[in-house]
Each structure stands twice: as C-alpha cells, then as structure tokens.
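Chemist: build me a structure from this.
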Amino acid sequence: MKFGFRTPSLKKRIAARTSLKRVVRHQLGLKAPRGWGWITNPKRAAYNRVYNKTSRGCLTVFMFSGLLVALILFIIKV
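Modeler: Got it, this is the predicted structure:
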C-alpha cells in the first residue's frame, strides 16, 4: 500500500483508456451501477477505498501553495 502523493503515469493513463476490456464493457453495456464494486470485485474495492482515503492528488501541493502566495500578496497590499 502506498501512502502520500500520487505520481501520475501517462503510460498507464493511455493503457487504461485504450484497453480491449474497457471497450467490450462499454460497447456491450456490461457495467455495474456505482457502488457495486463490492459485488463485482471486493478485493479491488477494499484496496481502492483504503488508497483513496490515505493518498492525495498530485496537484494538492500546488493548490495550497498558490493559495498561500495569494494570501501573502493580499496581506502585503493592505
């Protein structure tokens, strides 16, 4: 299990969007409704739940640093 920031991978992103499994699922309409991950693949659902609660997006640092800089500039102007 990885803790901390996500590191985006362009290669994995493209592979996920162009996989044959995804095309078949979308074309045949075999998708389960949201929240049914526990039924279709409980191991992956448990992993994803823990991962999403313990990691942050890669842009979070930039967002908070940008807000901090904006706050400092606002204080200096006033």
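
Chemist: what are the ranges of the helices in this protein?
Modeler: 10-17, 20-28, 37-40, 42-54, 60-77 (DSSP state H).

Chemist: so for the last one, mean pLDDT?
Modeler: Spelled out, it's helix 60-77. In this model, helix 60-77 has an average pLDDT of 81.

Chemist: oh, and call the first residue 9 from now on, that's how I've got it
Modeler: From this message on, residue numbering opens at 9, which makes the last subject helix 68-85.

Chemist: so how far is it off the chain centroid?
Modeler: 24 Å (C-alpha atoms, centre = their mean, to the nearest Å).

Chemist: hmm, back to that, as CSV, the helices of the chain with distance to residue 12 and mean neighbour count would be great.
Modeler: For glycine as for every other residue, the C-beta is placed from the backbone atoms N, C-alpha and C. What follows is those, written out as CSV (distance: least, C-beta to C-beta, whole Å; neighbours: other C-beta atoms under 10 Å):
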stretch, distance to residue 12, mean neighbour count
helix 18-25, 18, 9
helix 28-36, 28, 10
helix 45-48, 24, 12
helix 50-62, 8, 11
helix 68-85, 11, 10
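
Chemist: tabulate the ones you listed (TSV), appending distance to residue 11.
Modeler: TSV is the format used below for those (distance: least, C-beta to C-beta, whole Å):
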stretch	distance to residue 11
helix 18-25	19
helix 28-36	28
helix 45-48	22
helix 50-62	5
helix 68-85	14
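
Chemist: okay, now the unreliable bits of the protein?
Modeler: Scanning the chain for pLDDT under 70 picks out 9-10, 65-69, 86.

Chemist: one more pass at 90, please.
Modeler: 9-17, 20-21, 23-49, 56-86 (pLDDT under 90).

Chemist: quick check: the gap between residue 70 and residue 60.
Modeler: Per C-beta to C-beta, to the nearest Å, residue 70 is found 20 Å from residue 60.

Chemist: now do residue 36
Modeler: Residue 36 sits 28 Å away from residue 60, going by C-beta to C-beta.

Chemist: one more: residue 40?
Modeler: Counting by C-beta to C-beta, the gap from residue 40 to residue 60 is 18 Å.
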